[in-house]
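Asker: Please find the sequence and the predicted model below.
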Amino acid sequence: MIDDLKRLKELLDAGDITDEEFNDLKQRVLAGEKLVISDGTEEADAVAEAISEEPVVYKSVALTKQPKKKNVIVPVVISVVVIIGLIGAFFGIGKSQERSRSQLVNQVGTAVKLDNPDELLELFDQKSQKQAWSLVGSQALILIWKNEANNPRVIFDSASKNDSDLKYVYAGNYGVHLRHKKVMFFFDRYYLSAKPTKETFSLRDSDSKVRLTQDSMFTTPIMYNTKSKKVKQQVRTKMKITDVKKSGVFPNVNIFDLYDKAGNKYDSEVVLNMWR
């Protein structure tokens with residue numbers, strides 16, 4: 001650029017360009033255009049015009065813009081940042097879903113100690129949580145395990161140390177199992193799973209319903225000891241037998257009353273075999 005400005009000054013001093021042309025050409029050079037000077041012949045002027053993107057000729061002077069160098073560093077940096085962000089998000093999500101066996105043991109102990117059936121039920125898989133009377137069953141487990149609240153490892157002593165489908169038999173051979181799976185290929189997640197009991201209730205009609213017997217030897221201790229309004233509501237709620245058949249019953253020992261479409265009780269003290 002400095003050389004081009006010197007050459008323009010020489011042309012001005014030689015009288016080849018006017019002051020106005022000098023100022024105009026100088027601004028173009030400062031803007032990044034390349035100065036091309038011919039020797040005044042037609043052939044040289046033709047070359048000067050040919051190499052100019054937008055040729056502007058003043059006597060023997062032509063200009064062409066210098067090609068800008070592409071900046072490859074910025075795209076590379078952006079790509080690296082994006083990749084690092086995706087890797088970080090991947091491991092962040094994986095770590096948030098990770099749960100070791102010892103963590104599960106401690107979380108079970110905390111739920112039992114706090115007498116929190118909702119918290120205990122959250123340690124089961126989604127399918128188990130959707131089983132009929134799952135919250136009542138969770139409360140029943142708390143009553144069974146309350147003496148081990150300060151040492152929850154005892155609850156898991158009967159489970160194998162293997163990593164898959166471990167039978168969890170401490171609760172009187174209930175159908176509750178310790179499970180393990182890989183989350184996002186790398187992360188371990190331990191959880192509880194309840195094997196549902198198959199419904200065996202007789203149907204009076206398609207809208208027949210079933211409810212836990214309110215004063216049975218199994219329901220009464222739960223109603224008396226629980227602090228959970230949700231558990232009490234679940235105990236009192238009538239469920240359609242057809243819905244119970246779809247979800248299965250959370251493993252527990254309970255006695256039921258059956259009601260027809262009109263709300264009349266047509267069978268009572270029906271025991272569903274939930275033992276494993």
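Answerer: Here it is on my side, so go on.

Asker: Tell me if I am right that Val270 is in a helix.
Answerer: No: counting by DSSP: H, G, I helix; E, B strand; the rest coil, Val270 falls outside a helix, being strand.

Asker: Give the rounded mean pLDDT of stretch 96-103.
Answerer: For stretch 96-103, mean pLDDT rounds to 86.

Asker: Tell me the buried residues in it?
Answerer: Glu98, Arg99, Arg101 (16 or more other CB atoms under 10 Å). In short, each C-beta sits where N, CA and C put it, glycine included.

Asker: And for stretch 234-246?
Answerer: For stretch 234-246, the neighbour count (16+ other CB under 10 Å) marks Gln234, Val235, Met239, Ile241, Val244 as buried.

Asker: ditto for stretch 110-122
Answerer: Ala111, Val112, Asp115, Asn116, Pro117, Glu119, Leu120, Leu121.

Asker: how long is it end to end?
Answerer: 12 Å (CA to CA, to the nearest Å).

Asker: Need the mean per-residue confidence for that stretch.
Answerer: For stretch 110-122, mean pLDDT rounds to 94.

Asker: and the longest helix belonging to the chain, what other elements does it pack with?
Answerer: Ranked by residue count under DSSP state H, the longest helix found in the chain is helix 73-97. Packing contacts for helix 73-97, counted by 3 or more CB pairs under 8 Å, 6 or more residues apart in numbering; DSSP states H and E, involve strand 187-194.

Asker: try 10 Å
Answerer: In terms of contacts (3 or more CB pairs under 10 Å, 6 or more residues apart in numbering; DSSP states H and E), helix 73-97 is packed against strand 176-183, strand 187-194.

Asker: Let me know which of those is tucked in deepest.
Answerer: Each of the helices and strands packed on helix 73-97 was scored by mean neighbour count; the highest is strand 187-194, a mean of 19, by mean count of other CB atoms under 10 Å.

Asker: tilt between that strand and strand 176-183?
Answerer: Relative orientation of strand 187-194 and strand 176-183, computed by axes from the mean of the first three to the mean of the last three CA atoms, to 10 degrees: 150 degrees.

Asker: If you average the pLDDT over strand 187-194, what comes out?
Answerer: 89.

Asker: Return the residues in contact with the most centrally placed residue in the chain.
Answerer: Centrality entry for the chain: nearest residue to the mean C-alpha point is Ile93, 5.8 Å, by CA atoms, centre = their mean. Contacts for Ile93 were tallied using CB atoms under 10 Å, 6 or more residues apart in numbering; they are Val183, Met184, Phe187.

Asker: related to what we said a few turns ago, ok, the buried residues of stretch 96-103 vs Tyr266, which is closest?
Answerer: Tyr266 lies nearest to Arg99 out of these, by CB to CB, at 45.1 Å.

Asker: Tell me if I'm right that the closest one and Tyr191 touch.
Answerer: Yes: counting by CB atoms under 10 Å, Arg99 does reach Tyr191; the two are 7.0 Å apart.

Asker: Quick check: neighbours shared by these two?
Answerer: Taking CB under 10 Å, 6+ apart as the criterion, Arg99 and Tyr191 both touch Gln107, Leu123, His180.

Asker: The last one and Ile84: what is the separation?
Answerer: Relative to Ile84, His180 is positioned 30 Å away (criterion: CB to CB, to the nearest Å).

Asker: repeat for Lys230
Answerer: From Lys230 to Ile84 the distance is 44 Å (CB to CB).

Asker: Tell me which stretches of the stretch 101-250 of the chain form helices.
Answerer: Along the stretch 101-250 of the chain, the segments classed as helices by DSSP state H, counting those that start in this stretch run 101-113, 117-121, 126-129, 134-145, 219-225, 229-236, 241-247.
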